[in-house]
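Peer 1: sequence first, then the predicted structure, then my questions.
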Protein chains: 4
Amino acid sequence: MNAFGRQFRISIFGESHGECVGITIDGCPAGLPLTISDFTGDLGRRGSGAKGTTPRKEPDLPVIKTGVFNDHTTGAPLTIEFSNTNTLSRDYLKLRETPRPGHADFTGMKKYGGFEDYRGGGHFSGRLTLGLVAAGVIAKKLIKPAVVTATLLEAGGSSDIDAAVEEAVQKRDSIGGVVGCTVAGVPVGLGEPFFDSVESLISHIIFSIPAVKGVEFGSGFAGSRMRGSENNDLFVSTDGKTLTNNAGGINGGITNGNDLVFRVAVKPTSSTHQKQHTINIATGQMTDLEIEGRHDTCIALRVPPVVEAATALVLADLMMLEGLIGRVYSR
Amino acid sequence: MNAFGRQFRISIFGESHGECVGITIDGCPAGLPLTISDFTGDLGRRGSGAKGTTPRKEPDLPVIKTGVFNDHTTGAPLTIEFSNTNTLSRDYLKLRETPRPGHADFTGMKKYGGFEDYRGGGHFSGRLTLGLVAAGVIAKKLIKPAVVTATLLEAGGSSDIDAAVEEAVQKRDSIGGVVGCTVAGVPVGLGEPFFDSVESLISHIIFSIPAVKGVEFGSGFAGSRMRGSENNDLFVSTDGKTLTNNAGGINGGITNGNDLVFRVAVKPTSSTHQKQHTINIATGQMTDLEIEGRHDTCIALRVPPVVEAATALVLADLMMLEGLIGRVYSR
Amino acid sequence: MNAFGRQFRISIFGESHGECVGITIDGCPAGLPLTISDFTGDLGRRGSGAKGTTPRKEPDLPVIKTGVFNDHTTGAPLTIEFSNTNTLSRDYLKLRETPRPGHADFTGMKKYGGFEDYRGGGHFSGRLTLGLVAAGVIAKKLIKPAVVTATLLEAGGSSDIDAAVEEAVQKRDSIGGVVGCTVAGVPVGLGEPFFDSVESLISHIIFSIPAVKGVEFGSGFAGSRMRGSENNDLFVSTDGKTLTNNAGGINGGITNGNDLVFRVAVKPTSSTHQKQHTINIATGQMTDLEIEGRHDTCIALRVPPVVEAATALVLADLMMLEGLIGRVYSR
Amino acid sequence: MNAFGRQFRISIFGESHGECVGITIDGCPAGLPLTISDFTGDLGRRGSGAKGTTPRKEPDLPVIKTGVFNDHTTGAPLTIEFSNTNTLSRDYLKLRETPRPGHADFTGMKKYGGFEDYRGGGHFSGRLTLGLVAAGVIAKKLIKPAVVTATLLEAGGSSDIDAAVEEAVQKRDSIGGVVGCTVAGVPVGLGEPFFDSVESLISHIIFSIPAVKGVEFGSGFAGSRMRGSENNDLFVSTDGKTLTNNAGGINGGITNGNDLVFRVAVKPTSSTHQKQHTINIATGQMTDLEIEGRHDTCIALRVPPVVEAATALVLADLMMLEGLIGRVYSR
């Protein structure tokens, strides 16, 4: 289902080349100051236009349809929409019979019986993350003074990200990346041992971001190769601060008051300008496929604000469940 | 909350040194043949006793309290319980003021105000996974002919697992491991683009297994360092089979008919026989801590059947949502 | 939370005098034929204009923003919106300090700290049922051949409804009514003994319709005054048909294949043209209140299509849970 | 599904003649004092033995399996069970082919394909309400100082309840009743306009109690026959107290600080000692049925503590959602 969260709950809708994409946010406290300008920063960071991102440019203007009155949230659901204006659907028509490797063309067709809106990835498009980022703007306000920061740590396996992107553009291929996320100022005690551990909830939403294929907390996979005496974080203060943070700020599924730390593996965009061999599912013949359209060389460049938003959404929900955020905003 | 699943739903309860641990399974079809002997295999694999596992031995006999009549499920909830018989709680009393590094002692105390049953990890204990494994036995029957297989790929960073465990026992330290899981025979079309992607649901439950700190699907973190033309899986048949499986059997959050493949990072057990430095949270003084009790040198040895169970639970739920498993079992 | 349903799930949003009201429908099968003209009938029945209904007239044109492509549902969420065009908000400004008796003015202000959009009832307005009726149009298609029919059985306590409304208009007062609902063609076996009995689910959504204060199934309150031998419905065929239908088509929370039958008590509209005594909550002084605005003399006249929609939504969800409606529409 | 509640959540399991019935309560705050003696009062009120109730007597001793440590809740799930000891299953064997009128025999068989535990009503039995009452004991403690009181207002249509029961026993028939419930001390602001109105949530759980067929709040069905000027409750104090309480303490789905008031229609027990005509679903022949077993003449006598429990469960959940009950109990 296209919804996530328990007390602070989002519902996502829309297609890449339909009328709009959008999100409804239910459970937001009343009285939170909110205007369109609050969205500018994060939506801009998610936007395209920089080297390595798609040349499709949209203004990405959020329209708050409901839930705000006199520049404050009302306590009723917020619906925020983004019109789709710059759509070139003809690019996608021929992909029906030759599903693109790595894309959801094949699975979408099988699941929805061919009725899915296949244009531009339809409901599977990364464009759906616009709503996530918008909801994240609200969540980030709610969770203050906790602050979420995500950055691209490496692209194409290199920490010199500019160079890696430049090289991929030259080679007309795509590259992936690793996004690191840190949250400072997290209260102790968020999350549950079963089944709503902080790791469970964060990974749940992060794995819904298109192109994400791995998530690890703290020392993660590297930690699985360490000894217990190395990996354990020694307490150094009575409020739970630790010398190291191999746990990524979480013990037993519950935040321990240290920074929350995790990393996200983003695969290379499936669309590349390289010629690929694929099958025509109508005829059963192998064929060559060249994807034209407009694509991101390195989608990972645009993922950090989406990771931040997703993380803030989880934390806002958990803080509400603990009673740390009330029905009426006060701060 | 201690529940997971939408249509096939589990609720977990119990403490390590309380009266029992158990699970309730709601939404199981009526008419599935089920007897106690069905549980023997997987519970045995999860059990302790082998080198590198805790010397605490319990018979781990499941008692089916409800939901089975004449050796078949009735369609009503199944409650399955395991008595706790072999408990040495005195080991844990002194840990109240000196929380063990890497454990949930500190977070549990903060979250539950000191009222938590702290004995043996209480509700945070790995013993809670007994219920998961029992529910998984049922789920595995339901999802047939799909078959889930998890194995320990490495321990302490080495693929020679016996040697790694032997060395850790010698050094009186603990080690982690990486578990690989593969599902063969998965139908095409399970999962949703947002927010219930197959990756989202599997990672959600897998990250509830104590000690898990990372999950990656298909090429995962390695894939984030590949080029799109390398990482894409080329279709080779009209039913969606691909030449490689870097996607781990999932595109756009939806199963594509290839094997489901993922890996799980398990941290080294926090309890080691090494002396550790920690803080006395009552006095604020640093102190040395030696954990006695009975512990696993390599808990990862016991994780594969738990990963299998968790995966089967997700797949059973998704297959019900698609109408592939009915209200009354028939196969 | 502003959402209802498990597998066929609706989320409602909007305010009476804001930009729009709307609904998102998640879980609708792909491939269902759907055009704007499908909505005309039920939205018209819900509309105002007849004697006894509010003089506020809106075109009530649904706009399908997402989830439909080539006149068929895509399997992705449908968002349907209705613009608010005919709003006279000045009528409501003075009600802030003198809450209207019987309205949600007081509770809304307390719950949302004064930040709620109070104009025209805001998010509490009966106008929110536009989305419900729209979603019901879709649900009614899905549950065929089951057919839901609701009618106004009495108004102001009289079965001569026209006369009762006429009298109330004359007296410048409001009246309530009783709506009866019958569903023919319901399959046997929908619903659960606990806690999702058919009665539970239907009453849950019906009691969300503004002004509803009572729900009874089959013989209901009258049945509580009968003897068991009178109230029991005798089976007359092997497919479960009964001679009488005092159970309203439900035994043990589960449909029995007879018609589903229930009645709904609708209170008189709280807004009347009668002068009322109330308190000024700022000053504590008692004061007279005359409500101007535009109101329904008998809101119950407009409730039947809303009851039908709500009922169809529950049945569509239950039929999906039983696998009677698939992921792709076929009929 | 056999679960109810959002933050304070119950899961029910068991069969009348199986090993036990029970309940798991998830989300209960840590630190609530709780011992077995707390349950005695309400379980006794629900028990049998008085004139008009079944001669089946069970000790109904609750066993707290998990979630309590040192006589306080731990914050982990509580599982409470009741053994079934006094079962005479032979009574029920012959009912398989001749389903009892008014019972769930027919619907259960159809839904669960004949695999249901049919003995003593199985999972449909009123005995399942033992768990509800036990959970209600905990909820009642949590919602203090709010106090829930339910009483039987009429039996067999008469307010002289003893006489009505006596007459029914004489006539070897069963009778129903009307239960009234009042909650004093409810905070303002519980509930939501859509879809979790207080009426919606209370009716949802109340309609899961076996034999309930109607629920009305405040003036209910009678109110639907009143004029708006009569039915409106005039405010008399700035904290929202009203002169009358036709709204039953709820406006716009939200509590208004006046007493919560509703009534519940309980049908006459389907089992009567009267001979009934029914159909043999195997042969299609009409036949006479005499129900032996042990039954309640007036089950409504035992319903008030169940209604109280169900109501307290809803209120506890709503108070948690508003942050009025915290993660650790303090009062």
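Peer 2: Received the coordinates, thanks. Quick caveat, the model's predicted, so the values are computed rather than measured.
Peer 1: the helix or strand hosting A:E81 and chain C, any residue contact?
Peer 2: Element membership of A:E81, judged by DSSP states H and E, is strand A:78-83. Yes - Strand A:78-83 lies within reach of chain C by C-beta under 8 Å from any C-beta of the partner chain, at A:78-79, A:81. Placement of C-beta: from N, CA and C, glycine included.
Peer 1: out of the residues you listed, which is most surrounded?
Peer 2: The most neighbours of any of the residues of strand A:78-83 next to chain C, using other C-beta atoms under 10 Å in any protein chain shown, belong to A:T79, which has 31 neighbours.
Peer 1: measure it to A:D259 for me?
Peer 2: 33 Å (C-beta to C-beta, to the nearest Å).
Peer 1: same question for A:S330.
Peer 2: As judged by C-beta to C-beta, A:S330 and A:D259 stand 26 Å apart.
Peer 1: compare these two (neighbour count), which wins?
Peer 2: A:D259 (18 against 10).
Peer 1: which residues does that one contact?
Peer 2: Counting by C-beta atoms under 8 Å, 6 or more residues apart in numbering or on different chains, A:D259 touches A:182-184, A:186, A:245, A:249.
Peer 1: ok, back up a step: now the residues of strand A:78-83 next to chain C as JSON lines including pLDDT?
Peer 2: Compiled in JSON lines, these are given as follows (pLDDT from 0 to 100):
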{"residue": "A:L78", "pLDDT": "98"}
{"residue": "A:T79", "pLDDT": "98"}
{"residue": "A:E81", "pLDDT": "98"}
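Peer 1: which of the residues you listed lies closest to A:V148?
Peer 2: When these are compared for distance to A:V148 (C-beta to C-beta), A:L78 wins out at 19.7 Å.
Peer 1: ok, the closest one - contacts?
Peer 2: A:L78 neighbours (C-beta under 8 Å, 6+ apart): A:24-25, A:28, A:64, A:66-68, A:138, C:13.
Peer 1: could you do A:L34 as well?
Peer 2: A:L34 sits in contact with A:64, A:68, A:71-73, A:138, A:141, where contact means C-beta under 8 Å, 6+ apart.
Peer 1: and it, backbone torsions?
Peer 2: A:L34 adopts backbone torsions of phi -160, psi 120, taken as degrees, to the nearest 10.
Peer 1: same check, this time on A:V178
Peer 2: Per-residue torsions, A:V178: phi -120, psi 130 (degrees, to the nearest 10).
Peer 1: I'd say it and B:F221 touch.
Peer 2: Yes - if you go by C-beta atoms under 8 Å, A:V178 and B:F221 touch, sitting 7.0 Å apart.
Peer 1: what's the overlap in contacts for these two?
Peer 2: With C-beta under 8 Å, 6+ apart as the test, A:V178 and B:F221 both reach A:A265.
Peer 1: does chain D have contacts with the longest helix along chain A?
Peer 2: With secondary structure taken from DSSP state H, chain A has its longest helix at helix A:304-321. Yes - using C-beta under 8 Å from any C-beta, we find that helix A:304-321 touches chain D at A:L321.
Peer 1: and that helix, anywhere near chain C?
Peer 2: No - Helix A:304-321 stays out of contact with chain C when judged by C-beta under 8 Å from any C-beta, the minimum separation being 11.7 Å.
Peer 1: from the chain's centroid, how far away is the strand holding A:E81?
Peer 2: 17 Å (C-alpha atoms, centre = their mean, to the nearest Å).
Peer 1: send the alpha carbons of that strand over as CSV?
Peer 2: Output of strand A:78-83 as CSV, limited to C-alpha atoms (Å, rounded to 0.1, in the frame of the first residue of the first chain):
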residue,chain,number,x,y,z
LEU,A,78,-2.2,18.2,4.4
THR,A,79,-2.3,17.4,0.7
ILE,A,80,0.6,18.7,-1.3
GLU,A,81,0.7,18.4,-5.1
PHE,A,82,3.2,19.0,-7.9
SER,A,83,2.0,19.4,-11.5
